[in-house]
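1. no letters, just coordinates:
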């Protein structure tokens, strides 16, 4: 699998259509948009609707409406562009092709472990954190060396396997993060061998995002620091599939006053709720720009005007972004 030649910065929006966009999503998408636009780059919109049980067309429509309301436009997406499909649910043949390449390299093996068994192997009770954040539970290699007879026995018991990628033992995937600086993270510390397709046939995030970013020519990925431990996994896939990895920027996350990361459950901070409350999009952008240290005050501003102002600095100022968790102050409802 190869990629084309792309000279301009190409960023992307990659929302999961499982609910309304909230202020934390707006924070990530604004920074991704600015980082590309300041460099006169392109933005792609791709719906990561890979989970059929949770994704809805209505959420996709709402996401597009909210992005445009904020002033965050895109150059390619579901309605236009040369890299269709822009929905992961329509890309199964592309993921299957990549999987076959990895199988030909001897990198894939079936894993029959259930989620319950994985929790027990990790020594974590149901729902407990495993220390790997969003990277997933550490896998001890239980099914790595099963014989053909052992695999046949498990399948005779009715077990359907997930497909895992065989990761090099103790290998590192070093990279330079635009926000966090030099990173040296072993694949073992990210959980070891990871799934590429679940036992129910659903494609895993790691494979889907790499295949799509490769074929769309994405050169810059801006996302939350909670995804940091996915990066070594994705760098390995880029290398195995013959692709050129993008630059990564892992940004701090927004939290509420209790220290909880903003999520879809924070319905009062969804963009739809803020809009219904009478908030102006320029006020939200100005508020987020101040949190990012991109302007001194929270004065209302459009994304386009902010990008033009930052462009005068010559490049996007990654060094000005704050480090660590960011608590969302109470002033937003009053300022908009």
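-> Happy to help now that I have it. From a predicted model like this one, the values you see are computed outputs, not experimental measurements.
2. just give the closest residue to residue 89, not the sequence neighbours.
-> For residue 89, ignoring the flanking residues on the chain, the nearest one in space by Cβ to Cβ, 6 or more residues apart in numbering is residue 49 at 4.7 Å. Where you see a C-beta, it was placed from the backbone N, CA and C, and this is true even at glycine.
3. pLDDT score for the one you found?
-> At residue 49, the model reports a pLDDT of 96.
4. how close does it get to residue 61?
-> 12 Å (Cβ to Cβ, to the nearest Å).
5. related to what we said a few turns ago, report how many residues lie close to the residue nearest to residue 89.
-> For residue 49, the count of nearby residues is 20 (other Cβ atoms under 10 Å).
6. assign it to helix, strand or coil.
-> Put simply, residue 49 is coil when judged by DSSP: H, G, I helix; E, B strand; the rest coil.
7. residue 317 and residue 306 touch, don't they?
-> No: the pair residue 317 and residue 306 fails to qualify as a contact (Cβ atoms under 8 Å) at a distance of 11.7 Å.
8. shared neighbours, these two?
-> Listed as contacting both residue 317 and residue 306 by Cβ atoms under 8 Å, 6 or more residues apart in numbering are residue 294.
9. quick one, which of those two is more surrounded?
-> Shown here are residue 317 and residue 306; by other Cβ under 10 Å, residue 306 has more neighbours (24 against 15).
10. got a list of contacts for stretch 36-45?
-> 8-13, 32-33, 35, 64, 67, 72-78, 81, 83, 86, 216, 218-220, 303-304, 307, 310-311, 313, 315-316.
11. may I see the ChimeraX selection of the buried members of the residues you listed?
-> Remark: buried members of these, expressed as a ChimeraX selection using 16 or more other Cβ atoms under 10 Å:
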select :9,10,11,12,13,32,33,35,64,67,72,74,76,77,78,81,86,216,218,219,220,303,307,310,316
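12. now intersect the contacts of stretch 36-45 with the helices, please.
-> Members of those lying in helices (criterion: DSSP state H): 32, 33, 35, 64, 67, 216, 303, 304, 307, 310, 311.
13. make CSV from these and add distance to residue 280 to it.
-> Shown next, in CSV, are the ones in helices among the contacts of stretch 36-45 (distance: Cβ to Cβ, whole Å):
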residue, distance to residue 280
32, 22
33, 18
35, 24
64, 19
67, 16
216, 32
303, 13
304, 15
307, 18
310, 21
311, 23
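14. ranges for the helices of the stretch 101-250 of the chain?
-> Per DSSP state H, counting those that start in this stretch, the stretch 101-250 of the chain carries helices over the ranges 115-122, 148-156, 205-216, 231-241.
15. relative to helix 205-216, how tilted is the last one?
-> In terms of direction (axes from the mean of the first three to the mean of the last three Cα atoms, to 10 degrees), helix 231-241 departs from helix 205-216 by 50 degrees.
16. for helix 231-241, packing partners?
-> helix 92-104, strand 162-165, strand 175-177, helix 205-216 (3 or more Cβ pairs under 8 Å, 6 or more residues apart in numbering; DSSP states H and E).
17. can you give the distance of that helix from its chain's centre?
-> For helix 231-241, the distance from its own C-alpha centre to the chain's C-alpha centre is 14 Å (Cα atoms, centre = their mean, to the nearest Å).
18. how about residue 35, what does it touch?
-> 9, 11, 41, 220, 222, 249, 316, 318.
19. and the two most separated of the residues you listed?
-> 41 and 318 (14.6 Å; Cβ to Cβ).
20. please say which of these two ends up with more neighbours.
-> Higher neighbour count among residue 41 and residue 318: residue 41, with 19 against 16, using other Cβ under 10 Å.
21. setting aside sequence neighbours, what's the nearest residue to residue 232?
-> residue 173 (3.7 Å).
22. now that neighbour: how far from residue 187?
-> Counting by Cβ to Cβ, the gap from residue 173 to residue 187 is 7 Å.
23. pull up the overlap in contacts between those two.
-> Residues touching both residue 173 and residue 187 (Cβ under 8 Å, 6+ apart) are 232, 233, 236.
24. okay, now the last one: neighbour count?
-> Right, the one you point to is residue 236. 22.
25. for residue 207, see how far away it is.
-> Noted for residue 236: a distance of 11 Å to residue 207, by Cβ to Cβ.
26. and the first one, by the same measure?
-> Counting by Cβ to Cβ, the gap from residue 232 to residue 207 is 14 Å.
27. same check, this time on residue 139
-> 16 Å.
28. now swap in residue 71 and tell me
-> Residue 71 is 33 Å from residue 207, by Cβ to Cβ.
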